[in-house]
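Student: Sequence and predicted structure are below.
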Amino acid sequence: MKKYLLPNNVNWYRANMHCHTTVSDGSFTPEEVKEVYKAHGYSIVAYTDHEIMVDHSYLNDDGFLALTSSEYSITEGEPSFPLIGDSQLAPWQRRKTIHMCVYSKKQHNKFQPAADKSSYAWVSDKYKEGIECDEYHREYTKKSLNETIKRLNKAGFLVQLNHPSWSLNDRRDYLSLKGLWSLEILNYATERITGKEYCPMVYDEMVSSGMYDLCCTMGDDNHNRGRSVAHSFGGSTMIGAESLEYDKVFEAMEKGHVYCTSGRDNPPLIHALYVEDNKIKVDCSPAKTVFLNGYARNYRIVEAEEGETITHAEFSLDKNEVYFRITVRDEYGNNAHTHNYFVKDCIEEK
């Protein structure tokens, strides 16, 4: 009997989970973002403008859904990275920060937890009208960071840690966080700029530290500066929901019915992920390699022959293994990733 790990009786919607518009420091209006992303095959955009959360439900139609969301930032006062030699790097270039995308369970929410009015003082009155907050002042300390996440969770938000490399984060930073829904394992805009924002190894480190419920996503973090789309369409999150309705999509996110994929035009897709006869089975778009990665040195691959591709892979399960995730890599080096699954939930006792 098949046990589906990614649900097979839902619709799969392509989403950009990290986006900026003219509401903050992006160059496209929310309407223009909808137009270009919908034309590129997206059904969902999380409008994560800096510090301010705006209800863009007026953009919704039968083929498009706007998620009510924001990007919070908390930056340290004194730089962690000292000047070395004759370096003249500015303080902002040496300060650690935490950036988090926060997604509201309530579509028409106008309450911002873990925020005070100074957080969005620079935002025009047009967008902050009616916004309420709890007047919590965020600080760059472990206590305050976790209090921020706690307040967001309590108010019905899912919280994602963004671009750890650009934020100068290391294990001392991200392993101390509690209550995260997801890690952004590819920030496409920052990857285009730095070449080091594809970070599944950070995800593995976080999971192995005990963050077993952590999902992984990819997003563009598009600002469309100069009205360019060069930093768009490269990091997608696929959401499996019954329908393109706000409550159904959010329910799917909470249940972990998601995977993420890189590539602008034809990103690799996972068509099915299931357990049958104590084997993990993967159906996918044409790929060069399918990886199973688990705890410690638990990893295996299925590779296509030279000049060929594969659309199915199987991996036997061992009850001594702890958890695993699947990666599908195409001929261009683009990757589709699942989050981790526990082996004990997949093994059938005989």
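Tutor: Yes, it's here.
Student: For stretch 116-128, what is the distance to the chain centroid?
Tutor: 25 Å (CA atoms, centre = their mean, to the nearest Å).
Student: How about stretch 74-82?
Tutor: The answer for stretch 74-82 is 25 Å, by CA atoms, centre = their mean.
Student: With adjacent residues omitted, what lies nearest to the spatially most central residue of the chain?
Tutor: When the chain is reduced to its mean C-alpha position, the nearest residue by CA atoms, centre = their mean turns out to be T217, at 2.7 Å. Using CB to CB, 6 or more residues apart in numbering and skipping the chain neighbours, the partner closest in space to T217 is T237 (4.4 Å). Where C-beta positions appear, they are placed from N, C-alpha and C, glycine not excepted.
Student: Quick one: residues contacting that neighbour.
Tutor: R14, A15, N16, M17, T217, M218, G219, V258, Y259, C260, T261 (CB atoms under 8 Å, 6 or more residues apart in numbering).
Student: quick one: strands adjacent to the strand or helix carrying it?
Tutor: Element membership of T237 [criterion: DSSP states H and E] is strand 235-241. The pairing partners recorded for strand 235-241 under DSSP bridges are strand 11-16 (antiparallel), strand 258-262 (antiparallel).
Student: For the longest one, buried residues please.
Tutor: For strand 11-16, the neighbour count (16 or more other CB atoms under 10 Å) marks W12, Y13, R14, A15, N16 as buried.
Student: beta partners of the fourth one?
Tutor: With DSSP bridges as the criterion, A15 is bridged to I44, T237.
Student: what about it, distance to I52?
Tutor: From A15 across to I52, the span is 20 Å (CB to CB, to the nearest Å).
Student: Enumerate residues external to stretch 271-287 that contact any of its residues.
Tutor: With contacts defined as CB under 8 Å, 6+ apart, stretch 271-287 is touched by 1-6, 8, 266, 268-270, 290, 292, 304, 309-317, 324, 326, 328-331, 336, 338, 346-348.
Student: Please flag which of those residues sit within strands.
Tutor: 3-4, 270, 290, 292, 310-316, 324, 326, 328-329, 336 (DSSP state E).
Student: of those, buried ones?
Tutor: Counted by 16+ other CB under 10 Å, the ones in strands among the contacts of stretch 271-287 give I270, V290, L292, I310, A313, F315, F324, I326, V328, R329, A336 as buried.
Student: What is the nearest of these to H56?
Tutor: The closest of those to H56 turns out to be A336 (CB to CB; 27.7 Å).
Student: which residues sit in contact with that closest one?
Tutor: A336 is in contact with Y259, C260, T261, S262, P267, P268, L269, I270, C284, T327, V328, R329, counting by CB under 8 Å, 6+ apart.
Student: so the residue nearest to the centre of the chain sits in a helix?
Tutor: No. According to DSSP: H, G, I helix; E, B strand; the rest coil, the state of T217 is strand, so it is not within a helix.
Student: Just give the nearest non-adjacent residue to G41, would you?
Tutor: R14 (5.7 Å).
Student: Please look at M253 and W181 and confirm they touch.
Tutor: Yes. If you go by CB atoms under 8 Å, M253 and W181 touch, sitting 7.4 Å apart.
Student: Go through the helix-or-strand element of the chain with minimal mean pLDDT and flag the buried ones.
Tutor: Lowest mean confidence among the helices and strands of the chain (mean pLDDT, DSSP states H and E): helix 125-128, at a mean of 80. Residues Y127, K128 are the ones in helix 125-128 that count as buried (16+ other CB under 10 Å).
Student: what's next to whatever helix or strand comes next after that helix, contact-wise?
Tutor: For helix 125-128, the succeeding helix or strand toward the C-terminus, using DSSP H and E, is strand 132-133. With contacts defined as CB under 8 Å, 6+ apart, strand 132-133 is touched by K110, F111, Q112, P113, A115, D116, K117, S119.
Student: same deal with stretch 185-193?
Tutor: 18, 162-163, 165-166, 197-200, 202-203, 216-223, 230-235, 260, 262, 337.
Student: give me that answer again for 7 Å
Tutor: 18, 162-163, 166, 197-200, 203, 216, 218-223, 231, 234-235, 260, 262, 337 (CB atoms under 7 Å, 6 or more residues apart in numbering).
Student: Quick check: phi and psi at V23.
Tutor: phi -60, psi -30 (degrees, to the nearest 10).
Student: For it, which residues are in contact?
Tutor: P30, D49, I52, V54, Y127.
Student: tell me the contacts of the fourth one?
Tutor: So that's V54. V23, Y47, Y127.
Student: I figured the second one was touching H20, is that so?
Tutor: So that's Y47. No. Using CB atoms under 7 Å, Y47 is not in contact with H20, being 8.3 Å away.
Student: more crowded one of those two?
Tutor: A count of neighbours by other CB atoms under 10 Å puts Y47 above the other of Y47 and H20, at 27 against 23.
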